[in-house]
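After the sequence you'll find the predicted model.
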Amino acid sequence: MNIYLTLDYEIYFGENHGTVEKCIIYPTSELIRIAEKHNVRFSFFVDCGFILKLDEFRKKFPALEKDYKAITEQVKYLSDTGHDIQLHIHPHWEDSFYDGNRWIIDVKRYKLADFNENDVAEIVVRYKKVLTDITNKSIFAFRAGGWCLQPFSKLKKIFMDNNICLDSSVFKDGYFSSEQYSYDFRNAPDKDIYRFEDNELIENEKGFFTELPISPIKNSPLFFWTLFLLGRKNPYLHKPLGDGRAMAAPGYRKKILTKFTNNPVSVDGYNAHLLQTALGILLKKKREHMVVIGHPKALSRYSIQKIEEFVEKNKEKNNFTTYAKMFAK
């Protein structure tokens, strides 16, 4: 099994966005520790819009210089030591700003599809350049912020023009809809890798794009009740290391606490408890690729412990790898 441990490298987008140190730098340093100890590498989808905003406002607000330097130096270190750095776009940064005390985050245009095609093209070029300037390596893979990949027809030509040929945003049967963002992967192919051309939900063997979906898992309400109860009972172990709060997702908590839901396999918090279970399901299905998602900001002491246990248990029989190792041309 090829196992991709992938992290969306970003702060929170709620009213309390948290600090760079606690949401990104420290939890990522814990992943670096695991990587070096066990000789594995992670893939990081880096929120380039945030780096651009730090660069813009650090000139006016010197306090942001420390955050800009910490992030760019860590991303470069990750790349230089063999971790994979790829493109993650949260375009709401185009409308957000720093007021001298905190980031004022405007999520009215949260999806790339909320922008016209000329703006999308300009965003993709600028955001990709941030990463190539830091890493001096090929950037060819993409993960949509908030899984908001649709409609892909609005991105197809722009991605082709910029040699973005691999996507890893889809997870089978995933579905959510709110005022700010939505995604619908209920009709995605039930595969661990496939090619497509115009629509990420329609397989096309001759398609320009490769979809390497995030591995899916079905969770019961009991799982999430356990998650919330453990967080209250032992916050030291189960509270996220990030010191911010996620943006509102109306109806989401009620949904996961009352019915079975389809979710991505994740290392965030208590979700890491299911890593070995998810691997077993995929092996039984004779799949060749396992893609796990996570966020440094949402890691907990418990999840870091479970990630290390998972790596240690499986590193001899499975291939912990990255997009660059498997797909870079």
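Cool, got the structure. These numbers were taken from a predicted model, which means no experiment stands behind them.

Bridging across strands, which residues link to Lys218?
Per DSSP bridges, the residues bridged to Lys218 are Asn262.

Could you check how far it is from Ile281?
Distance, Lys218 to Ile281, by Cβ to Cβ, to the nearest Å: 10 Å. Yep, even glycine has a C-beta here, placed from its N, CA and C like the rest.

higher neighbour count, the two?
More crowded of Lys218 and Ile281, by other Cβ atoms under 10 Å: Ile281, with 17 against 11.

so who does that one touch?
Ile217 (Cβ atoms under 8 Å, 6 or more residues apart in numbering).

so where does it fall, helix or strand?
helix 275-284 (DSSP states H and E).

Which positions in that helix come out as buried?
Neighbour counts over helix 275-284 (16 or more other Cβ atoms under 10 Å) mark Leu275, Ala278, Leu279, Ile281, Leu282 as buried.

Could you do stretch 61-72 as well?
By neighbour count with 16+ other Cβ under 10 Å, stretch 61-72 contains the buried residues Leu64, Asp67, Tyr68, Ile71, Thr72.

Which pLDDT value does the model give the second one?
Note on Asp67: pLDDT of 98.

Then the last one?
Per-residue pLDDT puts Thr72 at 98.

Could you give the number of residues near the residue nearest to it when sequence neighbours are not counted?
Spatial nearest neighbour of Thr72, chain neighbours left out: Ile134 (5.8 Å); criterion: Cβ to Cβ, 6 or more residues apart in numbering. By other Cβ under 10 Å, 21 other residues sit near Ile134.

quick one: buried residues of the helix or strand hosting Ile134?
Ile134 is part of helix 117-135 when elements are defined by DSSP H and E. Buried residues in helix 117-135, defined by neighbour count with 16+ other Cβ under 10 Å: Val120, Ala121, Ile123, Val124, Tyr127, Lys128, Val130, Leu131, Ile134, Thr135.

where does the residue nearest to Thr72 sit relative to Ser182, distance-wise?
31 Å.

Quick one: list the elements packing against the least confident helix or strand in the chain by mean pLDDT.
Between all helices and strands in the chain, the lowest mean by mean pLDDT, DSSP states H and E belongs to helix 252-258, at a mean of 85. Applying 3 or more Cβ pairs under 8 Å, 6 or more residues apart in numbering; DSSP states H and E, one finds that helix 252-258 makes contact with helix 221-233.

for the helix it packs on, the distance to its chain's centre please.
A distance of 23 Å separates the centroid of the chain from that of helix 221-233, by Cα atoms, centre = their mean, to the nearest Å.

How about exporting that helix as CSV, limited to the C-alpha atoms?
Extracted in CSV, the C-alpha atoms of helix 221-233 (Å, rounded to 0.1, in the frame of the first residue of the first chain):
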residue,chain,number,x,y,z
PRO,A,221,-22.7,9.3,15.7
LEU,A,222,-21.1,7.3,18.6
PHE,A,223,-17.7,8.1,17.2
PHE,A,224,-18.3,11.9,17.3
TRP,A,225,-20.0,11.7,20.8
THR,A,226,-16.8,9.9,22.0
LEU,A,227,-14.7,12.6,20.4
PHE,A,228,-16.5,15.4,22.1
LEU,A,229,-16.7,13.6,25.5
LEU,A,230,-13.0,12.9,25.4
GLY,A,231,-12.2,16.5,24.6
ARG,A,232,-14.1,17.6,27.8
LYS,A,233,-12.7,14.8,30.0
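
Which strands and helices lie in contact with it?
helix 235-238, helix 252-258.

Any idea which of these gets closest to Leu5?
For the helices and strands packed on helix 221-233, proximity to Leu5 was assessed by Cβ to Cβ; helix 235-238 is nearest, at 20.1 Å.
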